[in-house]
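Asks: Fold the following for me, if possible:
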Amino acid sequence: MEKIVNNLELEPLTFPAYINWEITRACNFQCIHCYNNSGKKLTNELSHEEKLRVAKQLVDAKVFSVCLSGGEPILCESFWDISRILKDGKIQSNTITHGYFINEKTASIYATFFENIHLSIHGANSKTHDKITGVAGSWKKAANACKLLKDNNAKIRVSTSLLSYNLKEISDIIDLSYKVGAHGWRGSCAIWIGRAALNYPTINITKKQYNDLEKEISKKKKEYGKALTIEYTFDPLQNSIIDEFKKKIPTLCCISPVGICSLFSFLPFSGGSLRDIKLEKAWEKLMQIYKNPNFFELLNSFKKNENFLKMKKIPYLEGEYFE
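Replies: Numbering: from 1, shown residues only. Modelled structure (predicted):
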């Protein structure tokens with residue numbers, strides 16, 4: 001892994017260009033690889049009114065793109081109101097969903113509000129997918145959600161976590177993604193925090209297994225060409241961190257369900273909560289992290305995702321990481 005250094009050469013932006021906003025920790029699934037231990041809504045999540053104020057701040061800041069995630073974002077009571085504010089504010093919006101609650105009525109609204117819809121499918125059949133999510137019938141719901149979204153001309157990308165449970169089904173999942181009308185497929189290994197860390201011994205795949213899988217995926221990439229965009233990574237943590245810190249100007253900000261602003265949601269460096277301060281101030285504080293040698297020392301210590309397993313307190317196992 002290449003060394004991560006303070007590469008900031010230009011004056012930082014006044015506001016971030018891209019926002020990844022986890023609007024709730026609530027989820028009706030119990031996915032074995034969930035990095036933020038979603039399930040129950042946090043007791044101190046931003047209120048409905050606070051979330052709407054944050055959404056309006058993003059519009060006022062002229063943020064280029066916002067991705068709404070969770071948990072399952074539709075379980076947030078503010079989901080549609082936030083989506084409407086962003087849409088009316090001409091912000092490119094994306095969302096990540098497991099698709100369980102998408103029906104004929106909501107599919108058309110999803111297609112109207114979101115530029116890209118990332119839908120999770122972790123198995124080529126219900127047996128595998130439902131085992132991973134912990135919810136019977138979830139595979140059928142996800143496949144049907146793709147069909148309904150396609151019927152409404154939505155742009156869909158299927159996301160798959162590469163686990164020991166589904167290792168032999170990845171080619172079939174890629175084929176399924178094309179059949180249900182997705183524009184793209186992305187596969188990535190888990191980040192070893194939250195439930196993924198607890199289940200590491202049973203869901204981990206080795207580097208050799210991934211290398212063999214990579215050859216299989218590469219064949220699929222050639223097979224589909226431009227008909228289906230195929231992306232995959234063994235190390236999503238390192239790739240995302242390295243890509244971000246190669247930039248001369250920081251562009252990404254993560255917002256947690258309690259309003260905490262961070263450069264990456266799983267790292268213990270915060271710009272404060274939007275419950276207490278404005279986005280501009282939180283972003284200004286985040287930029288100061290680039291002057292903190294402890295920050296880069298921590299980043300460079302994560303040569304492998306497994307390093308998270310060595311932490312005395314694994315992130316997200318006890319609610320919000322920044323509490």
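Asks: Show the residue spans covered by the helices in the stretch 201-323 of the chain.
Replies: Secondary structure of the stretch 201-323 of the chain (DSSP state H, counting those that start in this stretch): helices at 207-224, 236-245, 279-287, 293-301.
Asks: looking at those helices, which is buried most?
Replies: Mean neighbours per residue, mean count of other Cβ atoms under 10 Å, is largest over the helices of the stretch 201-323 of the chain for helix 279-287, with a mean of 18. C-beta here means a position set from N, CA and C on the backbone, and glycine is covered the same way.
Asks: which other helices and strands contact that helix?
Replies: In terms of contacts (3 or more Cβ pairs under 8 Å, 6 or more residues apart in numbering; DSSP states H and E), helix 279-287 is packed against helix 48-60, strand 252-255, strand 260-262, strand 270-273.
Asks: Please export the C-alpha coordinates of the least confident helix or strand in the chain by mean pLDDT as PDB.
Replies: The least trusted helix or strand in the chain, going by mean pLDDT, DSSP states H and E, turns out to be helix 236-245, with a mean of 74. Presented in PDB, the C-alpha positions along helix 236-245 are these (Å, rounded to 0.1, in the frame of the first residue of the first chain):
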ATOM      1  CA  PRO A 236     -12.600  -0.700  -0.300                       C
ATOM      2  CA  LEU A 237     -11.200   1.000   2.800                       C
ATOM      3  CA  GLN A 238      -7.800   1.600   1.400                       C
ATOM      4  CA  ASN A 239      -9.000   2.400  -2.100                       C
ATOM      5  CA  SER A 240     -11.400   5.100  -0.800                       C
ATOM      6  CA  ILE A 241      -8.800   6.600   1.500                       C
ATOM      7  CA  ILE A 242      -6.000   6.600  -1.000                       C
ATOM      8  CA  ASP A 243      -8.300   8.000  -3.800                       C
ATOM      9  CA  GLU A 244      -9.500  10.800  -1.500                       C
ATOM     10  CA  PHE A 245      -6.000  11.800  -0.300                       C
END
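Asks: how many degrees apart are that helix and helix 293-301 in direction?
Replies: Interaxial angle, helix 236-245 versus helix 293-301 (axes from the mean of the first three to the mean of the last three Cα atoms, to 10 degrees): 130 degrees.
Asks: how about the spatially closest residue to residue 265 that is not a sequence neighbour, what does it touch?
Replies: Nearest residue to residue 265 in three dimensions, chain neighbours excluded: residue 254, at 4.2 Å (Cβ to Cβ, 6 or more residues apart in numbering). Neighbouring residues of residue 254 by Cβ atoms under 8 Å, 6 or more residues apart in numbering: 19-22, 261-265.
Asks: So which of those residues is the closest to residue 210?
Replies: residue 264 (22.4 Å; Cβ to Cβ).
Asks: Which residue, neighbours along the chain excluded, lies closest to the closest one?
Replies: Closest residue to residue 264 apart from its sequence neighbours, by Cβ to Cβ, 6+ apart: residue 254 at 6.1 Å.
Asks: picking that back up, with distance to residue 84 added, can I get the helices of the stretch 201-323 of the chain in a markdown table?
Replies: Below are the helices of the stretch 201-323 of the chain laid out as a markdown table (distance: least, Cβ to Cβ, whole Å):
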| stretch | distance to residue 84 |
| --- | --- |
| helix 207-224 | 35 |
| helix 236-245 | 29 |
| helix 279-287 | 19 |
| helix 293-301 | 36 |
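Asks: can you tell which of those helices is closest to residue 139?
Replies: Of all the helices of the stretch 201-323 of the chain, helix 207-224 comes closest under Cβ to Cβ, at 20.2 Å.
Asks: CA-only coordinates of that closest one in PDB, if you can.
Replies: Output in PDB follows, covering the C-alpha atoms of helix 207-224 (Å, rounded to 0.1, in the frame of the first residue of the first chain):
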ATOM      1  CA  LYS A 207      -6.500 -12.700  -1.100                       C
ATOM      2  CA  LYS A 208      -6.000 -15.900  -3.100                       C
ATOM      3  CA  GLN A 209      -9.700 -16.500  -3.300                       C
ATOM      4  CA  TYR A 210     -10.200 -12.900  -4.400                       C
ATOM      5  CA  ASN A 211      -7.400 -13.200  -7.100                       C
ATOM      6  CA  ASP A 212      -9.200 -16.300  -8.500                       C
ATOM      7  CA  LEU A 213     -12.500 -14.400  -8.400                       C
ATOM      8  CA  GLU A 214     -10.900 -11.400 -10.100                       C
ATOM      9  CA  LYS A 215     -10.200 -13.500 -13.100                       C
ATOM     10  CA  GLU A 216     -13.800 -14.700 -13.200                       C
ATOM     11  CA  ILE A 217     -15.100 -11.100 -12.900                       C
ATOM     12  CA  SER A 218     -12.700  -9.900 -15.600                       C
ATOM     13  CA  LYS A 219     -14.200 -12.400 -18.000                       C
ATOM     14  CA  LYS A 220     -17.600 -11.000 -17.200                       C
ATOM     15  CA  LYS A 221     -16.400  -7.500 -17.800                       C
ATOM     16  CA  LYS A 222     -15.200  -8.400 -21.300                       C
ATOM     17  CA  GLU A 223     -18.500 -10.300 -21.900                       C
ATOM     18  CA  TYR A 224     -20.800  -7.400 -21.100                       C
END
